[in-house]
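> quick one: sequence and predicted model below, then my questions.
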Amino acid sequence: MELSLAIREGVYEALSGNVIFDGSPLKVYDAFAFPPTASYPYILLSSQNNSQRNTKFVRPQDAGIIVEVVWGDLQPVGFKKAEELMEQVQNIINPNDRTQLDITSKGYRIGDTINVGGPNLTAKNAAYYVYRKLATFNFIVSTL
């Protein structure tokens with residue numbers, strides 16, 4: 001399996017059903033493949049990158065994915081709520097106990113995860129103030 005797909009599937013599987021708001025799990029969408037009727041809040045798996053490290057005996061790779069928590073509200077509020085939801089995402093993908101996302105079934109092992117953060121973005125559409133909390137998760141990955 002290609003590394004980007006393994007990371008995207010691993011993150012999707014880890015987050016699906018596990019980020020909770022008002023007692024219900026948030027929907028997780030892949031890139032911009034979400035329906036126009038999607039309700040706020042939701043999680044969006046966004047851009048990815050990966051590159052091979054140059055070492056003598058093994059071929060580890062650096063891989064990353066941007067995860068977005070998207071919140072919409074009729075009032076100009078929402079960053080705090082988006083940040084609280086992003087904390088749940090962080091605790092799943094990069095918990096304090098240093099447990100790594102398990103993608104061994106996809107042929108890879110994550111050796112380390114780093115959250116390098118990301119910007120907070122705002123917008124206004126016809127009805128909603130939209131807040132997007134972004135986090136870039138970088139992984140050091142090796143093949144099995």
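Received it, and whenever you're ready, just let me know what you need.

> all helices for the protein, in order.
Counting by DSSP state H, the chain has helices at residues 3-15, 79-93.

> what average pLDDT does the last one get?
Think helix 79-93. Taken as a whole, helix 79-93 has an average pLDDT of 94.

> give the other helices and strands that it contacts.
Secondary-structure packing of helix 79-93 (3 or more Cβ pairs under 8 Å, 6 or more residues apart in numbering; DSSP states H and E): helix 3-15, strand 20-21, strand 61-73, strand 108-117, strand 129-143. In this view, the C-beta of every residue, glycine as well, is placed from N, C-alpha and C.

> that older thread, could you dump the helices of the chain to JSON lines with distance to residue 21?
Below are the helices of the chain laid out as JSON lines (distance: least, Cβ to Cβ, whole Å):
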{"stretch": "helix 3-15", "distance to residue 21": "13"}
{"stretch": "helix 79-93", "distance to residue 21": "6"}
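
> closest to residue 25 out of those helices?
helix 3-15 (9.0 Å; Cβ to Cβ).

> which strands or helices does that closest one pack on?
Checking 3+ Cβ pairs under 8 Å, 6+ apart, helix 3-15 ends up next to strand 27-30, strand 42-52, strand 61-73, helix 79-93, strand 129-143.

> neighbouring contacts of the fourth one?
Same thing as helix 79-93. 11, 14-15, 18-21, 26, 41, 43, 67, 69-71, 101, 113, 115, 120, 131-133, 135, 137 (Cβ atoms under 8 Å, 6 or more residues apart in numbering).
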